[in-house]
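# sequence first, predicted coordinates after that:
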Amino acid sequence: MAQSDYPTARQFLPEERNLNSLARASQGCQGCPLFRNARQTVFGVGAADAQIMLVGEQPGRREDEAGEPFVGPAGKVLDRALEEAGMRRGDLYITNCVKHFKSESQNGGRRGKKPNISEINACRPWLESEIEAVQPEIIIALGAVAARSLAGRPLTVGEAIGNWLETQEGRDLIVTYHPSAALRAPAESDRDRIFDVLASDLSRAWEAVGPMRPGPRAGV
Ligand code: URA
Ligand code: SF4
């Protein structure tokens, strides 16, 4: 079946939309071909009232097994960057712009393959519903695939870095490196630089929402 034979995620959205009902309904999504070769839908997790939403590309092999975003090697890098920025996962809502693992076989195993634009678009209704439910002040796109989904146009991380952009919904958007870029760059100096940019972009977002933060941290 061709992509155009699939209906997009829209028709799988539940009528009443909160994070629980959305997560449940997403398990039955057949909006694009990617559900066929993955174990499960990996929906977002985190605080329902988070001020910051992090959006990755798609689940990897480990996430496909666990059913949670960023639990594999990229997740370890993300945790280190969050720690450096003085943040915890519990402060955030974390998701991906495509919710099934897209993979190809290689040497008897499976490795991730970049989602294409029709898969990104097919899956966007889930992301839109998460944004609608959480109402984050700032959305952070991790890498160019998430940036494309959120901004609705092609963007390179290089041109976007350091700027405030807008999502298709008109929300504040920061585009930064994907944590796996800090694992994959061949030169150690590049890996370090990418990690530093990621950590400082997280910190920039955290500082920007600081005055709006409830509880003992307010006003700090
Ligand atoms: N990479 C992503 O973009 N998302 C995950 O959840 C894991 C790895
Ligand atoms: Fe549905 Fe998204 Fe999975 Fe495609 S990738 S089947 S649109 S949840």
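It's in. Ligands and ions are numbered 1, 2, ... in the order given.

# who's the closest residue to ligand 1 within the chain bridged to?
Per Cβ to the nearest ligand atom, G56 is where the chain lies closest to ligand 1, at 2.9 Å. C-beta: built from backbone N, CA, C; applies to glycine. With DSSP bridges applied, G56 shows beta-bridge pairing to N96.

# what about it, how many residues nearby?
G56 sits with 28 neighbouring residues when counted by other Cβ atoms under 10 Å.

# ok, G44 next?
The local packing of G44 (other Cβ under 10 Å) involves 28 other residues.

# can you name the residues that contact it?
L19, A23, M53, P69, Y93, I94, T95, N96, E130 (Cβ atoms under 8 Å, 6 or more residues apart in numbering).

# give me the phi and psi angles of it.
With angles defined as degrees, to the nearest 10, G44 sits at phi -70, psi 160.

# given the helix or strand bottoming out on mean pLDDT in the chain, what are its sheet partners and their directions?
Counting by mean pLDDT, DSSP states H and E, the weakest-scoring helix or strand in the chain turns out to be strand 109-112, with a mean of 87. Paired neighbours of strand 109-112 in the sheet (DSSP bridges): strand 103-106 (antiparallel).

# now the strand it pairs with: average pLDDT?
The average pLDDT within strand 103-106 is 90.

# can you offset everything so residue one is 22?
Happy to do that; since the first residue is 22 now, the last one works out to strand 124-127.

# next, the buried residues of it.
Across strand 124-127, burial judged by 16 or more other Cβ atoms under 10 Å covers S124.

# and if you look at stretch 99-117?
Within stretch 99-117, the residues that count as buried by 16+ other Cβ under 10 Å are L99, A102, L103, A106, M108, R110, D112, L113, Y114, I115, T116, N117.

# does it come close to ligand 1?
Yes: using Cβ under 6 Å from any ligand atom, stretch 99-117 reaches ligand 1 at N117.

# in what helix or strand does A162 lie?
Using DSSP states H and E, A162 maps to strand 159-163.

# mind giving me the packing neighbours of that strand?
Applying 3 or more Cβ pairs under 8 Å, 6 or more residues apart in numbering; DSSP states H and E, one finds that strand 159-163 contacts strand 73-77, helix 165-172, strand 193-197, helix 209-230.

# quick one: the residue of the chain closest to ligand 1 and G96 touch, right?
No: the criterion here is Cβ atoms under 8 Å, and G77 misses it with G96 at 9.1 Å.

# mutual contacts of the two, please.
Both G77 and G96 are contacted by P90, under the criterion Cβ under 8 Å, 6+ apart.

# pull the contacting residues for the spatially most central residue of the chain.
For the chain, V76 is the residue whose C-alpha lies nearest the centre (Cα atoms, centre = their mean; 2.0 Å). Residues in contact with V76 (Cβ under 8 Å, 6+ apart) are T116, N117, C118, L148, I160, I161, A162, L163, A167, S170, L171.
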